[in-house]
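S.K.: generate a structure from the sequence data that follows.
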Amino acid sequence: MRIIKKILWLILIVFLIAQFFGPDKNEGDLASIDAFLEETNPPEDVKLILKETCYDCHSDVTRYPWYNKITPVNYWLANHVKHGKKHFNVSKWIGNSTKRKDHKFEELIEMVEAKEMPLNSYTWTHTEAKLSDKQIKALVDWAKQVRFKYSLEPKPE
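M.R.: Below is the predicted model of the structure:
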């Protein structure tokens, strides 16, 4: 019984010390999203969906919840954001080829229609990010319009 007590105390001490450490935060400027918004021209309802549902993980502007101050949760969240930005980062939109942008929108359509985005682990704590069928349709319709615009652009030879 004494060994269990010692182990529990050790775990508690390690947990408390760990609270003084954490990953770097993803704190960018809203202006980093401007180029994406200007180029893709989403309607107001889609802008709101993007803000509430996408930007936390797919831009340099992340709104961190209170529980992000708890280690190891903050590392788990940082990994989600890093992974999300690797796949689709609206803050780094400039510099991507039209082909890449079109492909990102193709993936967006597939993931949203399949209800794989936003992730369930995100919507558990961000209930406002759960998309209704109407919101899914608005987002997908806008994304298809953007893809059509990209299809009209001249292809590099």
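
S.K.: okay, and the spatially most central residue of the chain sits in which element?
M.R.: Geometric centre of the chain, nearest residue: residue 57, 1.8 Å, by C-alpha atoms, centre = their mean. Assessed by DSSP states H and E, residue 57 sits inside helix 55-58.

S.K.: relative to residue 118, how far out is the residue nearest to the centre of the chain?
M.R.: 8 Å (C-beta to C-beta, to the nearest Å). Any C-beta I mention is one placed from the backbone N, CA and C, and that applies to glycine too.

S.K.: neighbouring contacts of the least confident helix or strand in the chain by mean pLDDT?
M.R.: Using mean pLDDT, DSSP states H and E, helix 2-18 stands out as the lowest-scoring helix or strand of the chain, at a mean of 81. Residues outside helix 2-18 that contact it (C-beta atoms under 8 Å, 6 or more residues apart in numbering): 71-72.

S.K.: ok, now stretch 131-139?
M.R.: 43, 45-46, 49, 53, 108, 112-113, 115, 118.

S.K.: including pLDDT and distance to residue 71, could those go into a markdown table?
M.R.: Output for these, formatted as a markdown table (pLDDT from 0 to 100; distance: C-beta to C-beta, whole Å):
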| residue | pLDDT | distance to residue 71 |
| --- | --- | --- |
| 43 | 96 | 40 |
| 45 | 95 | 38 |
| 46 | 95 | 36 |
| 49 | 93 | 32 |
| 53 | 89 | 27 |
| 108 | 93 | 32 |
| 112 | 93 | 32 |
| 113 | 95 | 36 |
| 115 | 91 | 31 |
| 118 | 89 | 24 |
